[in-house]
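A.B. asks: Pasting the sequence and the predicted model now:
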Amino acid sequence: MNTYLKIIITSCTVFMLTVLPSKAFIMDVWELKGLTSQEVSEATIAFKEKAMAGGAKYTGFRSSTKIRGDDTLDTTFVHAYYDSYEDQMATQALVASNPDWFASTFGELDFTDVDNITWANDLPVGDAAPGQTVAYAMVEITSGINFLLNFPEMQKKMQELGAPVLVASAACALCGSEALPTNAMVYFSSANPVDMGKALDIFSSDEMQRWMFSNMAPHANFTDQGIVVFND
């Protein structure tokens, strides 16, 4: 529990300011193991209410459950969103000065492990925030220029094929040793699991997979993949 509190307080004290402009979509993600989705959901709601009432500048604070990928039986996530690094840092300082917010919510839970990553991109949160269901791939980009050139084409192809999802990416603004060599995340965000299934059918089609194999696969190594469903 103390480890998680320290991560919440210090997760954003050092990060790569050159990655993105000051106005961006910032997302802190904490991966928790050893808890049920109901426990995490209740603590998340309670913490958010206290933090927002105290002046926290979250644009969103949510929990999710991993339903596909590794460790799906006991893996949940907490997601915090901000409009800017300034809001993120101000909120972290506020949380640090009010430890009772954590102690009375997440601090009462008994989890076995926690990891944290801060993701960011240059899209407004309204256009990039996850919907109810998210499929993600954490990747090590081996050729940044080729990834940047091809990713917009990937977004365009998925849209042309009728995939009912937002296709977006985020850079790893703060990656701990447990996440490396991951340096980016590509994700599909949908309104519900049914739309996600439709998008994954399109993504797995011969046309899309041939394009991926030729244009994206040579420039990125997958380090983790999964699907999460948000609890709220």
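C.D. replies: Ah, there it is.
A.B. asks: so where do the strands sit in the protein?
C.D. replies: 23-33, 60-69, 75-84, 113-121, 133-141, 166-175, 184-190, 220-230 (DSSP state E).
A.B. asks: CSV please, covering those strands and showing distance to residue 205.
C.D. replies: C-beta here means a position set from N, CA and C on the backbone, and glycine is covered the same way. Formatted as CSV, those follow (distance: least, C-beta to C-beta, whole Å):
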stretch, distance to residue 205
strand 23-33, 29
strand 60-69, 19
strand 75-84, 29
strand 113-121, 27
strand 133-141, 15
strand 166-175, 15
strand 184-190, 14
strand 220-230, 18
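A.B. asks: Can you flag the weakest of these by average pLDDT?
C.D. replies: Mean pLDDT is lowest for strand 113-121 among the strands of the chain, at a mean of 75.
A.B. asks: tell me the angle of that one relative to strand 166-175?
C.D. replies: 120 degrees (axes from the mean of the first three to the mean of the last three C-alpha atoms, to 10 degrees).
A.B. asks: Tell me the buried residues in strand 113-121?
C.D. replies: By 16 or more other C-beta atoms under 10 Å, the buried positions in strand 113-121 come out as 114-121.
A.B. asks: Relative to residue 42, which of the strands of the chain is closest?
C.D. replies: strand 60-69 (9.0 Å; C-beta to C-beta).
A.B. asks: thinking again about what came up before, and the buried residues of strand 113-121, which two are the farthest apart?
C.D. replies: So, those by C-beta to C-beta: farthest apart are 114 and 121, at 23.8 Å.
A.B. asks: hang on, the earlier thing: out of the buried residues of strand 113-121, which comes closest to residue 148?
C.D. replies: Nearest to residue 148 among the buried residues of strand 113-121, with distances taken as C-beta to C-beta, is residue 121, at 12.0 Å.
A.B. asks: In this structure that closest one contacts residue 25, no?
C.D. replies: Yes - Residue 121 is within contact range of residue 25, at 5.1 Å (criterion: C-beta atoms under 8 Å).
A.B. asks: returning to that earlier point: just the buried residues of strand 113-121 now: which is nearest residue 167?
C.D. replies: residue 121 (12.2 Å).
A.B. asks: Tell me who's in contact with residue 209.
C.D. replies: residue 203 (C-beta atoms under 8 Å, 6 or more residues apart in numbering).
A.B. asks: Let me know the distance separating residue 200 from residue 158.
C.D. replies: Using C-beta to C-beta, to the nearest Å, residue 200 is found at 11 Å from residue 158.
A.B. asks: So between these two, which is more surrounded?
C.D. replies: Set residue 200 next to residue 158 and count neighbours by other C-beta atoms under 10 Å: residue 158 wins out with 20 against 17.
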